[in-house]
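I would like the atomic coordinates for the input below:
(one chain, ligands or ions: 3)
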Amino acid sequence: MTDFTEEELALDPGFAARFERDKRRPPCQLYLISPPLIDAPFTDRLAAALDGGDVAAFQLRLKGIDDHAIARAAEPLQKLCADREVAFIVNDSIALAKRLGADGVHLGQSDGDPREARQLLGPSAQIGVTCHDSRHLAMEAGEAGADYVAFGAFYPTTTKETRHRPEPSILSWWVTLFELPCVAIGGITAANAAPLVAAGADFLAVSGAVWNHAEGPRAGVAAFAPALARVA
Ligand SMILES: Cc1ncc(COP(=O)(O)OP(=O)(O)O)c(N)n1
Ligand SMILES: Cc1nc(C(=O)O)sc1CCOP(=O)(O)O
Ligand SMILES: [Mg+2]
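Ligands and ions are numbered 1, 2, ... in the order given. Predicted structure coming up:
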């Protein structure tokens, strides 16, 4: 345990506890979510985004098209991610994740059972579960063998209609009690990310702030670098 001055502790009594907690966890990282629709030049946009800074994972989240079309779109993106050592995660479908040999799958509450995903995808697959603003759902997901739990939407977003609005304190609660990584999602930008990082988020899942950045996706990713550094 590091010694803190009485002044430091008087100014912020939670400082020592957060310092110890954060020492045990790796730095917060970006988890990039694709736009819901993409076109052919998207591979170049993804490459530009990955040039912008460290990205731990990329989730292919395409909506309104069938699995065959998603599989065709996935091929160059999955290769790019493999070349850059970025985990390639498929949204919604355990079967599609299996078919593509993806690094993992993200499951919403109606997308399937994490146990079934584990059985089909094996021990090394990364399985994530949407938990909205619910401590109960997160503990259930952990018990079912998820590799991460996702809370959101923390902020208003135009990417998806959302019904839940957790407080950052759900992240602090989670990381105080559990080792399993937690993801924060929903309307996160470089400007509003700091409270989520300070609360203990292991990953920030971001879509619009990167793909709609005025200076392009590379700048969109680069803009997050200062916010990802934990300031206790
Ligand atoms: C990292 C991450 N967190 C949450 C979600 C949302 O999943 P879900 O609730 O299934 O909603 P859709 O994304 O399928 O619309 C996610 N995709 N990724
Ligand atoms: C896909 C998704 N799931 C959410 C949830 O709350 O579960 S919010 C969301 C949208 C994420 O995109 P953006 O960074 O553009 O807000
Ligand atoms: Mg889903």
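
got the residues of this structure near ligand 1?
Residues of the chain lying close to ligand 1 by C-beta under 6 Å from any ligand atom are 31, 59, 61, 91-92, 106, 108, 111, 128, 130, 150, 152, 160, 183, 185, 205. From N, CA and C alone the C-beta is placed, and that goes for glycine too.

among these, which are in strands?
31, 59, 91, 106, 128, 130, 150, 152, 183, 185, 205 (DSSP state E).

hey, where'd the strands end up in this protein?
Under DSSP E, the chain gives strands at 29-33, 55-60, 87-91, 104-107, 126-130, 148-152, 182-185, 203-206.

Of all those strands, which one is nearest residue 175?
With C-beta to C-beta as the measure, strand 182-185 is the member of the strands of the chain nearest residue 175 (6.4 Å).

I'd assumed residue 223 was in contact with residue 204.
No: with contact defined as C-beta atoms under 8 Å, residue 204 does not count as touching residue 223 (11.8 Å).

Between the two, point out the one with more neighbours.
Neighbour tally, residue 204 and residue 223, criterion other C-beta atoms under 10 Å: the higher count belongs to residue 204, 25 against 19.

check contacts around the more buried one.
Applying C-beta atoms under 8 Å, 6 or more residues apart in numbering, we find residue 204 in contact with 28-31, 183-185, 188, 193, 196-197, 224, 227-228.

how about a cut-off of 7 Å?
Residue 204 is in contact with 28, 30-31, 184, 188, 193, 196, counting by C-beta atoms under 7 Å, 6 or more residues apart in numbering.

okay if I get the residues you listed as JSON lines plus distance to residue 171?
Listed next are the contacts of residue 204 as JSON lines, based on distance: C-beta to C-beta, whole Å:
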{"residue": "28", "distance to residue 171": "10"}
{"residue": "30", "distance to residue 171": "16"}
{"residue": "31", "distance to residue 171": "14"}
{"residue": "184", "distance to residue 171": "6"}
{"residue": "188", "distance to residue 171": "12"}
{"residue": "193", "distance to residue 171": "12"}
{"residue": "196", "distance to residue 171": "6"}
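
just to revisit the earlier point, between which two of the residues of the chain next to ligand 1 is the distance greatest?
Checking the residues of the chain next to ligand 1 with C-beta to C-beta, the most distant pair is 31 and 111, at 17.0 Å.

Which one's more surrounded, these two?
Taking other C-beta under 10 Å, residue 31 and residue 111 do not tie; residue 31 has more neighbours (28 against 16).

In ChimeraX, select just the buried ones from the residues of the chain next to ligand 1.
Selection of buried members from the residues of the chain next to ligand 1 for ChimeraX, criterion 16 or more other C-beta atoms under 10 Å:
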select :31,59,61,91,92,106,111,128,130,150,152,160,183,185,205
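
wait, what's in contact with the closest residue to residue 37 other than its chain neighbours?
Of all residues not flanking residue 37 in the chain, residue 62 sits nearest, at 6.8 Å (C-beta to C-beta, 6 or more residues apart in numbering). The neighbours of residue 62, taking C-beta under 7 Å, 6+ apart as the test, are 34, 36-38, 70, 73.
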